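Chemist: quick one: sequence plus predicted model below, questions after.
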Amino acid sequence: MKKIVIVNSSPRKNGNCDILCSEFGRGAVMNADNEVVRFNLNDVDFDFYREDQTEDEFDNIAHQMMDANVIVLATPVYFYSMSGQMKTLIDRMMPYFSQISNKDFYFILTAPINKKEMEPTAESLTGFTDCLNDCNVVHITYGANVSQKGDIINKPAYKEVFDIASRIL
């Protein structure tokens, strides 16, 4: 059994990133023993990282990530980088990062640009996982050349996330 935490940082409900997160979750529960917890950061009330941080809704996400075996980070690519919500989530992990270890990570990226132009965003996310203990980036899904809601359904990434997630045992 694996506990899988999916974090969607897209502000668009039913957008391409959101759709891929749903497909990943659907694939993951093909193994009935897997547990999936999903967060849409647009629906979470949390603030930027501060030295004198007060507890907010983010702390639940951090604890869920610490308890997970698998963490999925999904972001649209804006100006060749991750969304502000995803960057804020990563920054907020500062007090917790030493407690995140032995995790498998999956990244889901969507954008109206090609894969090569999205790779710097994947490198930034990998920079985060490189700071963690014994964490692996298992797979990166590039939902490239999509801009309108639903464009992703006709792209290989749509099937890819389901297939990848259904193999998590």
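Modeler: Received, thanks.

Chemist: which SS state does Tyr142 fall under?
Modeler: strand (DSSP: H, G, I helix; E, B strand; the rest coil).

Chemist: give the bridge partners for it, please.
Modeler: Note on Tyr142: beta-bridge partners by DSSP bridges are Leu109.

Chemist: and the strands in the protein?
Modeler: 3-8, 35-40, 70-76, 104-110, 136-143 (DSSP state E).

Chemist: would a markdown table of the ones you listed with mean pLDDT, distance to Asp52 and mean neighbour count be doable?
Modeler: Heads up, the C-betas are built off the backbone N, CA and C, glycines and all. Formatted as a markdown table, the strands of the chain follow (pLDDT from 0 to 100; distance: least, C-beta to C-beta, whole Å; neighbours: other C-beta atoms under 10 Å):
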| stretch | mean pLDDT | distance to Asp52 | mean neighbour count |
| --- | --- | --- | --- |
| strand 3-8 | 98 | 25 | 23 |
| strand 35-40 | 98 | 24 | 18 |
| strand 70-76 | 98 | 27 | 26 |
| strand 104-110 | 98 | 29 | 25 |
| strand 136-143 | 98 | 32 | 19 |
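
Chemist: centroid-nearest residue for this structure?
Modeler: Leu73 (1.1 Å; C-alpha atoms, centre = their mean).

Chemist: pull the contacting residues for that one.
Modeler: 7, 9, 86, 105-108, 125 (C-beta atoms under 8 Å, 6 or more residues apart in numbering).

Chemist: recalculate using a threshold of 6 Å.
Modeler: 7, 107, 125 (C-beta atoms under 6 Å, 6 or more residues apart in numbering).
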